[in-house]
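> the sequence and its predicted three-dimensional model are supplied below.
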Amino acid sequence: MDSSQLLPYGGALLGLFLLLWVLDKFTGGIVEELGKRSLDRLVRRPRQGGLFGRRALRSYAAAVRHAFGTHTMGFRKDDAPVTVEEVYVPVRYESEGRGAELEQLLATRTRTIVVGEPGAGKSMLLKHLMLGWAREPRRDRRVPVLADLHQFGDLTLLDLLTRSLSGGRHPVTAEQVREALGGGRLRVYFDGLDEVGRDHQPALLAELRELARDHPDCPMVVTCRESVYQGELAAEFGAPVKVVELDDAALRVLLRHLVGAGERADRLRGALHANHAVLELARSPMLLTMISYLFLEGVFGERAERLPRSRSEFYELAVSYLLRRDAARGLGGATRFDAPVKLAVLRRLALHLMSSGDGRTIGHRDLLALVRAEAGDFNLDPGQAGALVDEIVDRSRLLIRLASDEGVYAFRHLSLQEYLAAVELSKGGQELARRYRAAPAAWHEVVRIWCAVTSDDCTWLLRDLYADAGSHVLVLRCLAEATRVESAFADVAIDAFLVEVRLRAPLPDPAVKALGALAAIDTPRGNRAFTELLSLTSDDPGNQTAYLALAASGRPGALSAIVAAAQDSAAAREALSSMGDLAVPELRRVGTDWAIDELGWIGTPAAAEALARLVTESRSVRAAWWLAARLNRDDVRAGFNAHRDPAPTSALSEPYRDDWSPRLRAVFEEVVQALGGAAAPGARPEGLPPIFPPVALAVVALDRSPGIGTVSQAPLTDQTKRAALMVLSQVRTKPPLSGRDEMQMALVALAEVTERHGEDQDVADAVQRLSTQLVLRMTMLPATRTVLRSVEWPTQAAILGRFPKGWGLDQWRLLADERPEPKALRWAYLASVVVLSLVIAGMGGYGLLSAMIGSRPLGPAFLPALTLVGTLVFIVGVFAVKTNLGFVLFLIGALGGAVGWFWFAVLTMTGSLGYNAGGGLMAVLTVLPFVLRSIYAHRRRRWANPFREVLAQCAPRLLPRGSRAR
């Protein structure tokens with residue numbers, strides 16, 4: 001064979017080498033990187049194990065989902081546990097006078113003490129955090145572990161962590177846990193500091209301090225009952241964060257989960273708002289669950305018209321029903337013991353628990369011993385103690401087994417224990433006073449309930465408590481519920497607080513609520529307090545404490561007085577928003593900017609409906625802003641979705657035609673139209689929460705400004721440069737050559753980095769800074785820029801990182817029309833490019849070599865030299881492409897070299913196959929990639945929809961139903 005016949009093949013091999021080299025150069029060393037990763041995987045594969053191995057993490061995540069996926073709240077049909085993620089209501093804490101989500105705060109702090117009342121949702125929050133990690137275990141470099149502190153004593157903290165981490169199929173050792181703590185690889189949650197026995201408290205606190213000091217890189221959270229925590233861990237954990245009670249919006253959400261959406265939930269909610277004493281109980285998730293169960297059982301009547309008027313009456317009715325429930329259901333044969341006997345046992349047990357051990361639990365043997373010791377008083381055979389305990393646990397649900405194999409029992413809720421202890425001491429006031437002096441935090445609520453359940457004069461006890469300044473708030477709370485108190489003493493105690501309010505002395509939040517609870521009662525004592533508060537607001541319009549106490553009372557007269565003053569008083573406005581749904585009608589009637597802001601802060605479905613009316617009737621852009629934020633709430637969208645009446649809609653909301661009612665679609669369109677446009681929308685309200693992602697995406701779709709998405713080339717600040725470099729350092733494959741400056745390259749990289757940044761705070765901060773600067777530098781309408789600055793930063797970064805893909809209404813309308821990726825078409829296109837490259841490289845190289853050695857002159861004599869020079873310039877430009885000169889050389893070289901190589905390929909092909917056959921084949925090979933690319937791009941627009949990609953990354957629950965189904 002003539003060696004010259006091998007030249008085309010040699011040229012093809014040379015072209016393949018050059019092609020791989022260029023691909024490797026322009027994709028950030030992807031070939032080299034893939035090789036390194038493959039080798040690394042082969043080397044590391046035998047070591048895939050240990051605490052953080054892939055299999056171990058998967059196993060542990062599955063164990064977390066199994067252990068924490070459900071939560072036994074009690075008082076549900078058949079005692080069925082609830083699914084945590086279905087009923088979870090975001091736990092909130094007070095921040096600058098407003099409620100803020102505690103989960104977001106915990107993500108930014110390394111040490112946190114969370115305090116709150118029993119049943120406030122602390123344990124549910126920690127379970128929610130564990131489940132959030134288990135959905136995507138590899139997004140967080142730290143592995144979370146939740147330990148129940150009530151097991152401390154026989155086990156150390158290290159033992160508890162080791163046991164919790166060994167829940168999967170890959171048990172871990174204490175030594176592995178020590179190493180993980182030392183390397184900052186754990187995120188530790190300790191639940192229930194208050195549930196540790198008094199004898200073990202000093203040892204526990206010492207271990208917590210040591211753990212916090214020795215492992216500063218491991219975030220830690222400790223939960224505790226507010227009345228128990230006395231700042232013992234302040235040096236290591238800082239000031240505690242207090243969980244606030246359920247506001248109206250959260251209460252509505254939880255009620256919908258517990259009772260179901262519809263009229264029944266609305267009736268119960270209305271009855272609670274009309275009953276201040278029981279509403280105070282219902283703001284605890286645990287007690288709201290109990291109230292909902294009793295309502296569904298018919299205990300409160302069909303319309304909750306028989307809801308008790310006080311806390312003590314509620315507990316009495318609840319306990320009585322649960323002890324007699326089988327008889328009420330016609331199942332009397334299922335019980336052997338009379339309700340009074342079981343009540344007597346529970347009362348004695350409650351008093352015993354309040355003064356022994358950890359104050360909450362009792363072992364099986366101790367419980368049986370307690371019942372047997374009192375059997376004679378109960379007219380009970382000692383041999384029946386076990387059967388009695390089983391019946392109380394299995395039939396009444398007032399007492400539960402915490403760990404059946406260990407025989408540990410506790411009351412379903414601490415409030416029930418405190419109520420029963422107070423009833424047991426109803427004739428033993430002196431004994432109660434003695435116990436309170438010994439442990440004020442533990443007996444605080446018992447004293448309050450005792451004053452309500454006893455028929456004796458409790459003035460002597462309250463007078464004794466009042467001698468201690470630390471008990472003044474407790475006395476005030478007792479006065480709101482006590483059955484019998486001397487008027488003279490009551491007036492003195494109440495006047496002391498009213499004087500403080502008149503002098504604008506700062507009152508703690510419990511004192512304000514206690515004053516409001518007293519003023520809420522329609523009794524001479526309550527009416528006097530209410531009248532005095534009204535007088536104070538009239539005489540001193542800036543008295544914030546007086547307004548807050550009035551708002552806490554929830555009385556209609558309070559609402560009228562606060563609304564009248566709110567126009568000129570910021571203190572009155574803040575108090576008004578704390579009244580929740582009660583204030584909505586008046587705020588809508590006022591309709592000014594401050595009223596709209598308060599509606600926004602209330603944030604319930606009723607407030608959202610009022611905002612929607614203001615958008616429709618008054619074209620209020622401010623109301624549209626708040627609606628855009630509140631549409632993030634599931635309960636708000638559910639409220640609009642409940643309206644099934646026809647409403648005019650357009651193609652703007654067409655992607656959600658199967659998900660949203662016409663009413664919700666109409667509201668969505670009004671908000672988008674109000675916020676999008678040529679001019680920037682009205683001033684964004686201060687402190688506005690992040691807005692609904694689909695609203696921002698729809699506003700982007702409406703933006704048709706020329707050059708949208710291009711980035712200004714103005715010089716970067718040093719901080720922005722550092723952020724861009726940080727983002728680029730996290731990219732697995734460098735962006736394409738078209739984004740040659742750092743800003744453009746970082747823009748393309750944002751989507752990838754944001755999607756997998758996990759919990760790396762440095763990367764998150766860099767992405768946030770960079771996306772903030774990009775919004776200011778990118779070409780878009782002022783309205784679009786303002787809206788994009790109002791979404792959460794991960795969503796903002798995800799949008800900005802996809803701007804090069806193009807946006808528009810056509811793509812937005814295809815949001816729900818998901819098609820599978822045309823992979824075969826993509827591979828055909830890539831194959832055509834490779835074939836054309838190889839043909840040009842092989843045939844062109846052969847023709848160029850032939851022309852250079854003169855064996856087969858092709859074309860003008862200067863063309864070989866021009867082709868070689870162009871190729872060399874191109875190679876030089878590749879290495880210096882980041883500079884302006886290098887980029888110019890790259891373009892000139894690419895143009896000159898490509899023309900030459902293509903020319904020689906065509907001439908070689910036609911010379912070998914003939915003019916018609918060779919020319920036709922080259923034409924087909926040249927045109928085919930462009931045709932396939934055009935078809936692929938057309939099909940890909942339905943598959944790689946940038947709007948869908950953003951939602952899939954940042955808010956998958958908001959994808960249209962059709963898109964989610966696929």
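Great, that's in hand. Residues are numbered from 1 along each chain as shown.

> now the helices for the stretch 701-850 of the chain?
718-729, 742-755, 761-777, 782-788, 793-800, 809-813, 823-853 (DSSP state H, counting those that start in this stretch).

> show me the contacts for the residue positioned nearest the centre of the chain.
With distances taken as Cα atoms, centre = their mean, Glu103 lies nearest the centre of the chain, 6.2 Å away. By Cβ atoms under 8 Å, 6 or more residues apart in numbering, the contact list for Glu103 reads Pro90, Val91, Leu125, His128, Leu129. (Glycine included, C-beta is placed from N, CA and C.)

> the last one: what's it in contact with?
So that's Leu129. Glu103, Leu106, Pro144, Tyr189.

> of those residues, closest to Leu913?
Comparing the contacts of Leu129 against Leu913 with Cβ to Cβ places Pro144 closest, at 67.4 Å.

> just checking, that closest one touches Trp133?
Yes: between Pro144 and Trp133 there is a contact under Cβ atoms under 8 Å: 5.0 Å.

> common neighbours of the two, please.
Val64, Arg187.

> of the contacts of Leu129, buried ones?
Listed as buried from those are Leu106, Pro144, Tyr189; burial here means 16 or more other Cβ atoms under 10 Å.

> and the last one, how far from His215?
From Tyr189 across to His215, the span is 14 Å (Cβ to Cβ, to the nearest Å).

> and for the first one?
Distance from Leu106 to His215, counting by Cβ to Cβ: 17 Å.

> re the thing from before, out of the helices of the stretch 701-850 of the chain, nearest to Leu204?
It is, among the helices of the stretch 701-850 of the chain and with distance given as Cβ to Cβ, helix 761-777, at 29.5 Å.

> tilt between that closest one and helix 793-800?
50 degrees (axes from the mean of the first three to the mean of the last three Cα atoms, to 10 degrees).

> what residues are up against the residue nearest to Ala304 when sequence neighbours are not counted?
Closest residue to Ala304 apart from its sequence neighbours, by Cβ to Cβ, 6 or more residues apart in numbering: Ala271 at 3.5 Å. By Cβ under 8 Å, 6+ apart, Ala271 lies in contact with Phe300, Arg303, Ala304, Glu305, Leu307.

> next, the buried residues of stretch 265-276.
Neighbour-count burial for stretch 265-276 [16+ other Cβ under 10 Å]: Ala265, Arg267, Leu268, Arg269, Ala271, Leu272, His273, Asn275, His276.

> beyond whatever helix or strand Trp133 lives in, next helix or strand please.
For Trp133, the host element (DSSP states H and E) is helix 122-135. Per DSSP H and E, the first helix or strand lying C-terminal to helix 122-135 is strand 143-148.

> quick one: strands adjacent to that next one?
strand 186-191 (parallel) (DSSP bridges).

> from the rest of the structure, what touches the partner strand?
Contacts of strand 186-191 (Cβ under 8 Å, 6+ apart): 122-123, 126, 129-130, 133, 140, 142-149, 157, 161, 177, 180, 208, 211, 215, 218-223.

> list just the nearest of the contacts of Glu103 to Val671.
Pro90 (22.5 Å).

> Arg303 versus the closest one, what's the distance?
From Pro90 to Arg303 the distance is 30 Å (Cβ to Cβ).

> do the same with Arg324
Arg324 is 23 Å from Arg303, by Cβ to Cβ.

> out of those two, which sits in the busier spot?
Arg324 (17 against 14; other Cβ atoms under 10 Å).

> how about the more buried one: what's its closest non-neighbour residue?
Ala339 (5.0 Å).

> my guess is Pro440 contacts Ser471. True?
Yes: at 7.2 Å, Pro440 counts as touching Ser471 under the criterion of Cβ under 8 Å.

> next helix or strand past the helix or strand bottoming out on mean pLDDT in the chain?
In the chain, the helix or strand scored least confidently by mean pLDDT, DSSP states H and E is helix 30-44, which has a mean of 40. With elements assigned by DSSP H and E, the helix or strand that comes after helix 30-44 is helix 54-68.
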